[in-house]
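Asks: Sequence and computational prediction follow.
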Amino acid sequence: MKILLTGRTGQVGYELQRSLQGMGTVIAPDHGQMDLSDLDQVRDVVRLHRPDLIVNPAAYTAVDKAEEEPELAMRINGEAPGVLAEEARKLGAALVHYSTDYVFDGSKQGPYTEDDLPSPANVYGRTKLAGEQAIQASGVPHLIFRTSWVYGLRGKNFLLTVQRLAQEREELRIVADQHGAPTWCRTIADTTAHVVGSLQYRGGEHRLDHELWRQNAGVYHLAAQGQTTWHGFAQTIVAHWSSNKKPVVTPIATQDYPLPAKRPANSVLCCKRLTGTFCRLPAWDEALKLCLE
């Protein structure tokens, strides 16, 4: 099986290269070879390699900058996934794509399910929803994994920001009225590999079972279990900080830390569809401990 992987230098893409090895030949072009803002190049790369499976973690993820660059964000997050889906359908391939809790506005009381109606509150969320819709409209066998509060030991994310600031400051003022589940990028990658493996032919054949893909296609929420706030997340990171001198983590309200893009107050995702169909997911604090160790 040939697997075309986008975004290999990103948090999730980097981990997917490791998790997917052994399942087939992983083709992972870098940004220069496959820039999702260049839709013609995207088509050319897919047609060159003719993969059996496309895994697309690449995205425009600068939430605040997207407010200034809505066209670019839409091309990468909304249009490029549609192109990948169309090309995959023509090849008889399947597609795995990643979306976000930001497709919801956060006004619901309780965890969001896959059946809840999306209502993005910012440009980033709208572009990611457009990508979901383009894939669904294409007719390609697909899995769309919505995740939340992704972190890891590479790139730019909340974990690395808190660790850096903990070295520089005596106090960290962190938003305490937004709720979600921090999700380790390795959890996302390993879960993806488990799911893809369960949708292959049995008997040692590393090929996609297209009937299984059609039966199980759709949107799944994939996030760590439990919930916390950004303040609680930061407190846990600092608690594991090896330095004897640890900053005070002070809770603040969203209004005290204004940003260009509106954030949902509730980003908690119900993952029962995924856990009931494929596998369990770890608690957010247990996964964070493993990451930090």
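Replies: Sure thing, it's come through.
Asks: Would you mark the buried spots in stretch 267-277?
Replies: 267-271, 273-275 (16 or more other C-beta atoms under 10 Å). Every C-beta, even on glycine, is put in place using the N, C-alpha and C of the backbone.
Asks: Mind putting those into JSON lines with distance to Met34 and pLDDT?
Replies: As requested, the buried residues of stretch 267-277 are arranged in JSON lines below (distance: C-beta to C-beta, whole Å; pLDDT from 0 to 100):
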{"residue": "Ser267", "distance to Met34": "30", "pLDDT": "97"}
{"residue": "Val268", "distance to Met34": "34", "pLDDT": "98"}
{"residue": "Leu269", "distance to Met34": "29", "pLDDT": "98"}
{"residue": "Cys270", "distance to Met34": "34", "pLDDT": "98"}
{"residue": "Cys271", "distance to Met34": "30", "pLDDT": "98"}
{"residue": "Arg273", "distance to Met34": "31", "pLDDT": "97"}
{"residue": "Leu274", "distance to Met34": "28", "pLDDT": "98"}
{"residue": "Thr275", "distance to Met34": "32", "pLDDT": "97"}
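Asks: Okay, and which of the residues you listed map to helices?
Replies: 273-275 (DSSP state H).
Asks: what sits against Gly106?
Replies: The neighbourhood of Gly106, defined by C-beta atoms under 8 Å, 6 or more residues apart in numbering, consists of 121, 178, 263-267.
Asks: Report the secondary structure state of it.
Replies: coil (DSSP: H, G, I helix; E, B strand; the rest coil).
Asks: And for Ile76, nearest residue in space, chain neighbours not counted?
Replies: Tyr60 (4.1 Å; C-beta to C-beta, 6 or more residues apart in numbering).
Asks: Return the list of helices and strands in contact with whichever helix in the chain runs longest.
Replies: Ranked by residue count and defined by DSSP H, the top helix of the chain is helix 123-138. Packing partners of helix 123-138 (3 or more C-beta pairs under 8 Å, 6 or more residues apart in numbering; DSSP states H and E): helix 70-74, helix 80-91, strand 94-100, strand 142-147.
Asks: now the angle between helix 80-91 and it, please.
Replies: Helix 123-138 runs at 20 degrees relative to helix 80-91, counting by axes from the mean of the first three to the mean of the last three C-alpha atoms, to 10 degrees.
Asks: Of the ones in helices among the buried residues of stretch 267-277, which is the nearest to Val96?
Replies: Nearest to Val96 among those: Leu274, at 12.8 Å, using C-beta to C-beta.
Asks: Cross-check the contact I'm expecting between that closest one and Val219.
Replies: No. Using C-beta atoms under 8 Å as the test, Leu274 is too far from Val219 to be in contact (9.8 Å).
Asks: so where's the chain uncertain?
Replies: 202-206 (pLDDT under 70).
Asks: what about Gly232, how many residues close to it?
Replies: Residues near Gly232, counting by other C-beta atoms under 10 Å, number 19.
Asks: which residues touch it?
Replies: Applying C-beta under 8 Å, 6+ apart, the residues near Gly232 are Ala176.
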